[in-house]
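In: just coords:
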């Protein structure tokens, strides 16, 4: 049996919704690799290094969790890590089309790797990185949506968001 | 009991679908504030002033309706207006995810303000500002989708749309 | 301006999700009539009288809330009560088809009456009367889903559910 | 780390879509318990014993797979089996509402147990036990939808389906 | 090229929404067979003969339209009629799951027959035979939803609906 | 009866999913015009000429299929071609909102033209031109998703995709 799970995402920045899924993955698998997509085309608010650093602080208390970044195909990264499971959070408000397409494409590319969805806790069902950045841009508080470290990091980027 | 409702939107430009919701809000609440989002990041076809002007002409016959524009968080604007209700039209073809996320985020930020959805009349269920602009861009008629004033304003911007 | 809202439903039995919507309606309208559907064809677990009684206990603290039951068309009942607004809770997991169909049919039958949807609080998004009855049937706890009075009433009907 | 997964269902009868999910669960977890719901209220076509027997034949080649039946709450059965994971197949055509409600209710009842969804293979996305029974009832072939043993068992019940 | 299309359904009773689809099919194909499902298990309000009769009156003005009833598999009936196309109306509020499942199952059973969906006119998007029967049961008017003949037939069955 | 159908799209580039729909249209209608949208605003990977050329190679074996490109409104193009039917593939994972909006808008603009949807084969339900381009960008194989000619053409553009 394989013990490694991958939690992929942009994490720009990590929210309490992401952390809920990572914690639950960490309680189920013996090793959980949080995989930060290093996409040179998209223009994230936080650099890959910053996103990894915020994730490391936020997951420091979780045994068996590592934070890494990757380029290229997710299934290639998963294979390199020896992982057989990809974990994604699914919200009642998710973009099902994109999630199913990604899972089915990955299954086609790597039949031995399973994507498994866990339902996000209802109180996080409306939470996303984009929404959090919108709130900061318009001057709203993000307490209760992200960790204090991420809140601080967002405030430091506030001017950038308002341009 | 609170008598003020907010009808927020980009209104770029106002359609007969928007007007249907505003009219129904005006028949239910004693004061209805149409709140035009003045978002410096998005690039609307019509300026904030133009969008407000088209709305004022289109709602002139409705008692208790005012047109205003706002920046920042909608709930802050609602509070400043003394409103307790935000009205949104919901189409069978709506982006439920975006609508629910907005309503739940606003509830989190301002628990005393309620977002209430009214179902758009079926004949307007496929109508949106973007679709209307697409039609003009490709040379189609928008009669039956917008007021004559808005149609005229769109025609005046036609070249801009085709660039 | 009209001050009366109707909150219709089967309430077999009332859940904390229903109460959340009733409370929010009561904070918005000066009079809120909880309308219990007395459908002779459906076979509810609780009689109409029992459902009304449980609702009265659960809403006793809410000013301006009355509990009534009705037969026939909801819009006829709303008209008889002098109400212009019907309030429904909408969950991310709702049966949108049924809700939209009901709202559009009622609009067709009574154009002067508006159905307004409020988004259910996320923590109640998976809660329904049927689910609560299933839980009781299989021996699960319903604490946190219904009031203590409703829990007690459900326990008293437990044998009936297991037949 | 916990190695036991539960695959719950009515399996009335098991289809190739169910088997796909069971096989993928068996490849991921060291022990997979197929849990047949023994619901005295619903009237299945096949008895609990028959459904278990068909499942045992269909999964005989899969290491670590056991077939059991249960009454009462799924989470109580999972706990008794020492399982921390419930596996469900999710089709693009699934009843998301029912699946999410079940997963969230189970999370509420047993926070230490995770429901994980795997996306059904596209060619099985339109396949269900009900559809298979409908086909038999109307005289259609079910080859390619179920195993030969299940096909035979269905043919033996054909008269019952046509009453 | 094949000129025959099948419009299948229960038509219990035919609504203006059904007629809109039949008319549009009749304008596209040279022969259109309205196929009334004669399902001995379901208990329709109108008998197969009554449903056919109401359809014949309602489609008398349409050239190339025939009304027939069938038992068994739809694709067998389509083949017997020499039809290569099955036409279904799709509403924004449709049960997509059921429609897709039916289309994909029929494609599996008869690869040479195509199911084609036409989008129902928006003003009929909330209209269904069940809704029309509910209205009659509760004493509402169905004018604007069905033809006068169907309205009369429904009134004659009103007592049956209220039992 | 009208024998011409239009299969519109961007086809940037054509996938096996598109070809499945075109083949099925060609088997139903005597003339099928594949209509490539020549949209000067969007920036496709392949030029209009390249997209047409790839389509011509991929459909060379299909009798009655022509490939053309168009600007402006689709319904104007359809009228110029003497077509009464527009064919679209609908996936279980489709953007229903966009598809319905397009169909209803076109119905409004040209009531005599019907949009007909065919359900995409399940194995292509997760396939799209964008997904294929993403795969190439990240170094994945697109065999089984496109024809060998399209695969070759994509490989030749690979560097462009990675900028």
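Out: On my side now, so go ahead. Note that the coordinates shown come from a computational prediction; the quantities given were computed from them, not determined experimentally. Numbers count the residues shown, from 1 in each chain, chains lettered A, B, ... in the order given.
In: so what's the closest residue to residue A:48 other than its chain neighbours up against?
Out: Closest residue in space to residue A:48, ignoring its immediate chain neighbours: residue A:38 at 4.5 Å, by Cβ to Cβ, 6 or more residues apart in numbering or on different chains. To be clear about C-beta, it is placed using only N, CA and C from the backbone, and glycine gets the same treatment. Neighbour list for residue A:38: A:48, A:69-71 [criterion: Cβ atoms under 8 Å, 6 or more residues apart in numbering or on different chains].
In: With pLDDT added, can I get these in JSON lines?
Out: Formatted as JSON lines, those follow (pLDDT from 0 to 100):
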{"residue": "A:48", "pLDDT": "97"}
{"residue": "A:69", "pLDDT": "97"}
{"residue": "A:70", "pLDDT": "96"}
{"residue": "A:71", "pLDDT": "92"}
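In: And the helices in chain A, which stretches?
Out: Using DSSP state H, the helices found in chain A span residues A:16-28, A:48-59, A:74-80, A:96-109, A:129-137, A:148-156, A:158-162.
In: Find out how far stretch A:33-40 is from the centre of the chain, if you would.
Out: Its chain's average C-alpha position is 8 Å from that of stretch A:33-40, according to Cα atoms, centre = their mean, to the nearest Å.
In: Also stretch A:123-137?
Out: Per Cα atoms, centre = their mean, the centroid offset for stretch A:123-137 relative to its chain is 14 Å.
In: and that stretch with chain B, contact?
Out: Yes. Residues of stretch A:123-137 contacting chain B under Cβ under 8 Å from any Cβ of the partner chain: A:125-126, A:128, A:131, A:135, A:137.
In: Between the two ends of that stretch, how far is it?
Out: Taking Cα to Cα, to the nearest Å, stretch A:123-137 runs 22 Å from one end to the other.
In: List of residues touching it?
Out: Applying Cβ under 8 Å, 6+ apart, the external contacts of stretch A:123-137 come out as A:10-17, A:20, A:45, A:91-93, A:141-142, A:145-146, A:154-155, A:157-158, A:161-162, B:41, B:73, B:100-101, B:104-105, B:108-109, C:92, C:122-123, C:125.
In: and with 6 Å instead?
Out: Here stretch A:123-137 makes contact (Cβ atoms under 6 Å, 6 or more residues apart in numbering or on different chains) with A:12, A:15, A:17, A:20, A:91-93, A:142, A:145, A:154, A:158, A:161-162, B:101, B:104-105, C:122-123.
In: Pull out the buried positions in it.
Out: Neighbour counts over stretch A:123-137 (16 or more other Cβ atoms under 10 Å in any protein chain shown) mark A:123-129, A:131-137 as buried.
In: repeat for stretch A:20-27
Out: Residues of stretch A:20-27 classed as buried by neighbour count (16+ other Cβ under 10 Å): A:20-22, A:24-27.
In: What of stretch A:112-122?
Out: Residues of stretch A:112-122 classed as buried: A:113-122 (neighbour count, 16+ other Cβ under 10 Å).
In: Burial check on residue A:30, number of neighbours?
Out: Neighbour count for residue A:30, taken as other Cβ atoms under 10 Å in any protein chain shown: 14.
In: From residue D:3, how far off is it?
Out: 10 Å (Cβ to Cβ, to the nearest Å).
In: Residue A:72 now?
Out: Look at residue A:72 and residue D:3: by Cβ to Cβ, they are 31 Å apart.
In: so where is chain A shaky, pLDDT-wise?
Out: A:1-2, A:93-94 (pLDDT under 70).
In: What parts of it come near chain C?
Out: A:92-93, A:122-123, A:125 (Cβ under 6 Å from any Cβ of the partner chain).
In: Greatest separation within those residues: which pair is it?
Out: Within those, two members stand farthest from each other by Cβ to Cβ: A:93 and A:123, at 12.6 Å.
In: Which residues are in contact with each of these two?
Out: If you check residue A:93 and residue A:123 against Cβ under 6 Å, 6+ apart, no residue is contacted by both.
In: in the sheet, who's paired with residue A:7?
Out: residue A:34 (DSSP bridges).
In: what about it, distance to residue A:32?
Out: Counting by Cβ to Cβ - residue A:7 and residue A:32 are separated by 6 Å.
In: which neighbours do the two share?
Out: residue A:25.
In: Which of these two has more residues huddled nearby?
Out: Neighbour count, other Cβ under 10 Å: between residue A:7 and residue A:32, residue A:32 has more, with 29 against 26.
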